[in-house]
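Novice: predicted model and sequence below, questions to follow.
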Amino acid sequence: MNNSLSELDAWLTGSDLQDDVGPDDGYWLAGFDADRQVVLVKLGPYQKLYLRPKQFTRRFYHTLYSLPVESWSFRRQIKLFEDFCTLDLALDLRFQATFDYVLKNAELLPDINAHIRSVYAALVDDAVNLELQGLADGAWLNTGLADAEKRIAQRINELLSKQQIQCLAVCTLSAGFAEFPDVQLGRDAVYVNVLKKTFELNQTKNLELSRQQRLIEEEEIHEKRQQLEHLRRMIDLEQQMQALEAEKQRRLAEDRFEQLAQQLAIEKRLHAEQLQHDTELQEMRFESELISQEKRQARQRIAESRQLSDQLAHRALLHEQEVLAELRMRQRAQTLMQEHDLAEPTGGEHGEA
């Protein structure tokens, strides 16, 4: 127990952070190179990128890009135990892009460090959050935060080194208690244990309240689910009714279409019959007119024939009358001649005497 308290004292006073870190403490060697530069050779379409050698003479087709070691500060504050404890995190990074990383991102050479910040800020944030979540169990109250600091720094170092980025991360965590700001963990261990026990009791009470609240919320969720299920059934019923109504309207439309088609067919048939009737009437009218015309022509021919017959009869009568007159004249002339002939011999006899 005394050993635990001494470790807590060292954790709070910062005496556990020493400059001479031994090989067993997992010290991370970044391997920075303050003079690291890359040379871009560009002659027409030809391009080549390589590290600047020690013996180097710059030509007009050379462009030098420095790969400086840059600092990156990351700050975070979290609340634990229902805001009873405040943890402040200070993460200081120094990083430098390697030549392998530059080869993969050659187009970003002028702003390579800014690119690293923008790309890996979210990953660094996720790594820090992952480690900070493990502090919620409160085990560090007895062991201190040094291990957590080392784990966070190690995780960040490994994260960036896997991306060919040299990195050295230093993490510092400090704890503060809101209700008792003068209490120092380790130096006032009794108060810390009392506070911890009180917190545990409050936490148990809060957990029970949370459980009851969760049951109430689950009941409300269950009721809402039932309401949603009822609403879903009503929606399904409404959709079915709408589908039935749509089917009814579709059938009515089909019936109306069929009726219209039948009506159109009847009208077409009646129109055809009317046309045929009109054609037949016209033919009958034409035939009647033709018959009437033929009758008129026949009557005209008969009349003309009768007129011709009458003319011929009249001519025959006139001819007969002429013949009779001529015969009468001839007969009278013959009679007169006979009478004359009878008178001539008597006169001769008188002369001879």
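Specialist: Cool, got the structure.
Novice: secondary structure class for residue 262?
Specialist: Secondary structure state of residue 262, per DSSP: H, G, I helix; E, B strand; the rest coil, is helix.
Novice: residues near it, how many?
Specialist: Residue 262: 10 surrounding residues under other C-beta atoms under 10 Å. Using the backbone N, CA and C atoms, a C-beta is placed for each residue, glycine as well.
Novice: that one and residue 306: what is the separation?
Specialist: With distances defined as C-beta to C-beta, to the nearest Å, the gap from residue 262 to residue 306 amounts to 64 Å.
Novice: ditto for residue 271
Specialist: Taking C-beta to C-beta as the measure, residue 271 falls 51 Å from residue 306.
Novice: can you check residue 146 too?
Specialist: Shown here: residue 146 relative to residue 306, a distance of 156 Å by C-beta to C-beta.
Novice: who has more neighbours out of these two?
Specialist: Each of residue 146 and residue 306 had its neighbours counted (other C-beta under 10 Å), and the higher figure belongs to residue 146 (18 against 10).
Novice: what's the weakest-modelled helix or strand in the chain?
Specialist: Every helix and strand of the chain was ranked by mean pLDDT, DSSP states H and E. The lowest is helix 2-13, at a mean of 42.
Novice: next SSE downstream of it?
Specialist: Scanning the chain past helix 2-13 towards its C-terminal end, the next helix or strand to appear is strand 37-43 (assignment: DSSP states H and E).
Novice: other SSEs contacting that following strand?
Specialist: If you count contacts as 3 or more C-beta pairs under 8 Å, 6 or more residues apart in numbering; DSSP states H and E, strand 37-43 packs onto strand 46-51, strand 62-66.
Novice: of those, which is nearest residue 76?
Specialist: Proximity to residue 76, assessed across those by C-beta to C-beta, is greatest for strand 62-66 (30.6 Å).
Novice: check the model's average confidence along that closest one for me.
Specialist: Here the mean pLDDT over strand 62-66 is 80, rounded to a whole number.
Novice: can you check stretch 39-47 too?
Specialist: The average pLDDT for stretch 39-47 rounds to 79.
Novice: so how far is the first residue of it from its last?
Specialist: Using C-alpha to C-alpha, to the nearest Å, the end-to-end distance of stretch 39-47 comes to 10 Å.
Novice: what kind of secondary structure is residue 53 in?
Specialist: Bear in mind the rule, three-state DSSP; under it residue 53 is coil.
Novice: from residue 233, how far out is the residue nearest to the spatial centre of the chain?
Specialist: The chain has residue 239 as the residue nearest its centroid, 23.6 Å off, counting by C-alpha atoms, centre = their mean. The gap separating residue 239 from residue 233 is 10 Å, by C-beta to C-beta.
Novice: now do the helix or strand harbouring residue 152: which elements does it pack against?
Specialist: Using DSSP H and E, residue 152 maps to helix 146-161. The contact analysis (3+ C-beta pairs under 8 Å, 6+ apart) places helix 146-161 against strand 85-97, helix 112-133, strand 165-177.
Novice: and these as JSON lines, adding mean pLDDT?
Specialist: Compiled in JSON lines, those are given as follows (pLDDT from 0 to 100):
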{"stretch": "strand 85-97", "mean pLDDT": "87"}
{"stretch": "helix 112-133", "mean pLDDT": "88"}
{"stretch": "strand 165-177", "mean pLDDT": "86"}
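Novice: out of the ones you listed, which is closest to residue 316?
Specialist: When these are ranked by proximity to residue 316, the top entry is helix 112-133, at 143.3 Å, counting by C-beta to C-beta.
Novice: got the angle between the closest one and strand 37-43?
Specialist: Our comparison of helix 112-133 with strand 37-43, counting by axes from the mean of the first three to the mean of the last three C-alpha atoms, to 10 degrees, yields an angle of 140 degrees.
Novice: quick one: name whatever helix or strand follows helix 112-133.
Specialist: Heading C-terminal from helix 112-133 (DSSP H and E), you reach helix 140-143.
Novice: off-centre distance for that following helix?
Specialist: 56 Å (C-alpha atoms, centre = their mean, to the nearest Å).
Novice: cool, and stretch 85-97?
Specialist: In terms of C-alpha atoms, centre = their mean, the centre of stretch 85-97 is set 46 Å apart from its chain centre.
Novice: which positions in it come out as buried?
Specialist: Neighbour-count burial for stretch 85-97 flags 85, 86, 87, 89, 91, 93, 95, 96, 97 (criterion: 16 or more other C-beta atoms under 10 Å).
Novice: next: stretch 149-166.
Specialist: Using 16+ other C-beta under 10 Å as the burial criterion, the residues of stretch 149-166 that qualify are 149, 151-153, 155-157, 159-161, 163, 165-166.
Novice: please compute how far it lies from its chain's middle.
Specialist: Shown here is stretch 149-166, whose average C-alpha point lies 44 Å from the average C-alpha point of the whole chain (C-alpha atoms, centre = their mean).
Novice: go ahead and name everything in contact with it.
Specialist: In this structure, residues lying in contact with stretch 149-166 by C-beta atoms under 8 Å, 6 or more residues apart in numbering are 25-26, 28, 30-32, 89, 91, 93, 95-98, 100-101, 104, 116, 120, 123-124, 127-128, 130-131, 167-173.
Novice: now the strand or helix carrying the residue nearest to the centre of the chain: average pLDDT?
Specialist: Element membership for residue 239, per DSSP H and E: helix 189-352. The pLDDT scores in helix 189-352 average 80.
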